[in-house]
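Chemist: What would the 3D arrangement of this be:
(one chain, ligands or ions: 2)
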Amino acid sequence: MIGTPGTASATRVVLLGSGELGREVAIEAVRLGCEVVACDRYPGAPAMAPAHRSHVLTMSDPDQLRVVLNEERERPCARLIIVPEIEAIATEVLAEFEAGGAHVVPNARAARLTMDREGIRRLAAEELGLQTSPYEFCDSEEELAAAAERLGFPCVIKPIMSSSGKGQSVARSAAEIAASWAYSQEGGRIGGGRVICEAFVDFDYELTLLTVRHACGTSFCAPIGHRQEGGDYRESWQPAAVDPAVLEKCQSVARAITDGLGGHGIFGVELFVAGEEVLFSEVSPRPHDTGLVTIASQDLSEFALHVRAILGLPVPAESIPLRSPAASAVILAEHELEEPLYKGVGQALATEEHVRLLIFGKPSASPGRRMGVVIATDDAVGTAREAAAAAAREVSVVAK
Ligand SMILES: Nc1ncnc2c1ncn2[C@@H]1O[C@H](COP(=O)(O)OP(=O)(O)OP(=O)(O)O)[C@@H](O)[C@H]1O
Ligand SMILES: [Mg+2]
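Modeler: Numbering: from 1, shown residues only. Ligands and ions are numbered 1, 2, ... in the order given. You can find the predicted model right below:
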């Protein structure tokens, strides 16, 4: 049952993190009649626009998070659902609220395990026995140098608390270890600390396998291919061409890791494919940025699926139908700007009939910050990729 927003019967969704992915979750939740509360560290965050209310706070600060969640729990409503949309959250507070009867998506343990690379890697490789790149965790430059010698070069160094490629680098020889260590200490979410050193995987391609755990089982979306630069995604497409036997392996890895985390909702399982081998890389227990393409490629986007699964509503069994091949291409800012303007919007939309543009409405820009995305459909993935890239090139983020 769904209630009326703003009343004691409300189905309240509290989004912890209000970026562009949260905005789509908020829209889908609002469409189904939920009351949406958007939280982020700055006012004017994307998901605050479609939400009923918002809070500005530091979600990694347990005291601040407790105050906001208490306030939301005390307001009358029929159902309180806490939906983490980012990793940097004081997950011990989520566990407290879950113990007190709140519904945390997919659950507080999954949020804790995936907030740092160590939790999820140890679960995947050491408990579930999934194949991953060889890795070691290191707390100093000396430990990193020794680990890199054992793992071999090139190797990839990442702060355990970071996302979107921040603080991540590839060291090609022992001479580069000092620079990689220094870079990792600047880029982490909590300003340095432990890193993971992984052997570099010379994969043929990488995939995101969107996996939905719902009341009636587990369903898979068609695989999404993507291209990363500097650890951040630039374009994605669906369906990716994957040999059926390899796809079966991908689905069994995705099922193992999502069953290991539990709960209901969508998961973005990141995989590397090398020949017949499938390596697990990481997983988001929430919509994935490369899955923005599903807004056009599927009747039910990853955001719609997430909300349905969370609310216990029907989700297609086993495989989520694809509507059309599609591709996405990101629009990045190049400069530090307040109240940015978007030039070339009309030109972008005029390039092709099947092109859509999302502008996230972020109040400020910085070099490399994702400000929008173009999504294009076509009869084939290749032409959809070209159309998305061509339209994205038309848009620039400029000063007022
Ligand atoms: N061991 C590895 N070998 C080769 N490439 C790698 C390795 N680890 C990461 N990469 C590349 O870097 C990208 C980003 O890595 P990863 O997903 O671990 O970082 P992230 O900061 O969590 O990124 P995001 O938040 O965008 O998912 C991967 O998608 C892949 O292209
Ligand atoms: Mg990733």
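Chemist: Give me the nearest residue to the spatially most central residue of the chain, chain neighbours excluded.
Modeler: The centroid of the chain falls nearest to H288 when counting by Cα atoms, centre = their mean (3.4 Å). Leaving aside its sequence neighbours, H288 sits nearest to G268 (Cβ to Cβ, 6 or more residues apart in numbering; 2.6 Å). Every C-beta, even on glycine, is put in place using the N, C-alpha and C of the backbone.
Chemist: wait, isn't the one you found in contact with V283?
Modeler: Yes - judged on Cβ atoms under 8 Å, G268 makes contact with V283 at a distance of 6.5 Å.
Chemist: okay, those two: which has more neighbours?
Modeler: Taking other Cβ atoms under 10 Å, G268 and V283 do not tie; V283 has more neighbours (27 against 23).
Chemist: My reading is that the more buried one is in a strand; is that accurate?
Modeler: Yes - checked against DSSP: H, G, I helix; E, B strand; the rest coil, V283 lies within a strand.
Chemist: Could I get the contacting residues of it?
Modeler: If a contact means Cβ atoms under 8 Å, 6 or more residues apart in numbering, then V283 has T114, I120, A124, I257, T258, L261, F267, G268, V269, E270 as its contacts.
Chemist: What of S9?
Modeler: Here S9 is in contact with G3, C77, A78 (Cβ under 8 Å, 6+ apart).
Chemist: Would you indicate which residues of the top helix by length along the chain are buried?
Modeler: The helix that spans the most residues within the chain, counting by DSSP state H, is helix 244-261. For helix 244-261, burial by neighbour count (16 or more other Cβ atoms under 10 Å) applies to V246, L247, K249, C250, Q251, V253, A254, R255, I257, T258, G260, L261.
Chemist: Quick one: name whatever helix or strand follows that helix.
Modeler: Going down the chain from helix 244-261, the next helix or strand is strand 265-274, by DSSP states H and E.
Chemist: Strand partners (parallel or antiparallel) of that following strand?
Modeler: strand 205-214 (antiparallel), strand 277-284 (antiparallel) (DSSP bridges).
Chemist: That one to helix 244-261, inter-axis angle?
Modeler: For strand 265-274 against helix 244-261, the angle by axes from the mean of the first three to the mean of the last three Cα atoms, to 10 degrees is 140 degrees.
Chemist: Contacts only, for A8.
Modeler: Applying Cβ under 8 Å, 6+ apart, the residues near A8 are P76, C77, A78.
Chemist: Enumerate every residue touching the first one.
Modeler: If a contact means Cβ under 8 Å, 6+ apart, then P76 has T7, A8, A10 as its contacts.
Chemist: mind exporting the lowest-mean-pLDDT helix or strand in the chain as CSV, just the C-alpha atoms?
Modeler: Using mean pLDDT, DSSP states H and E, the weakest-scoring helix or strand in the chain turns out to be helix 177-187, at a mean of 92. Taking C-alpha atoms only, helix 177-187 is exported to CSV below (Å, rounded to 0.1, in the frame of the first residue of the first chain):
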residue,chain,number,x,y,z
ILE,A,177,55.3,4.1,-6.4
ALA,A,178,56.1,7.3,-4.4
ALA,A,179,53.9,9.4,-6.7
SER,A,180,51.0,6.8,-6.6
TRP,A,181,51.2,6.8,-2.8
ALA,A,182,51.2,10.6,-2.6
TYR,A,183,48.3,10.8,-5.0
SER,A,184,46.2,8.3,-3.1
GLN,A,185,46.7,10.3,0.1
GLU,A,186,45.2,13.4,-1.6
GLY,A,187,42.3,11.7,-3.3
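Chemist: Could you check how far that helix is from the centre of its chain?
Modeler: 24 Å (Cα atoms, centre = their mean, to the nearest Å).
Chemist: Name the residues of that helix that come out as buried.
Modeler: For helix 177-187, by 16+ other Cβ under 10 Å, it's I177, S180, W181, Y183, S184, G187.
Chemist: Would you enumerate the residues in contact with the fourth one?
Modeler: Same thing as Y183. I157, G167, S169.
Chemist: Confirm G167 sits in a strand?
Modeler: No - under three-state DSSP, G167 falls outside any strand and is assigned coil.
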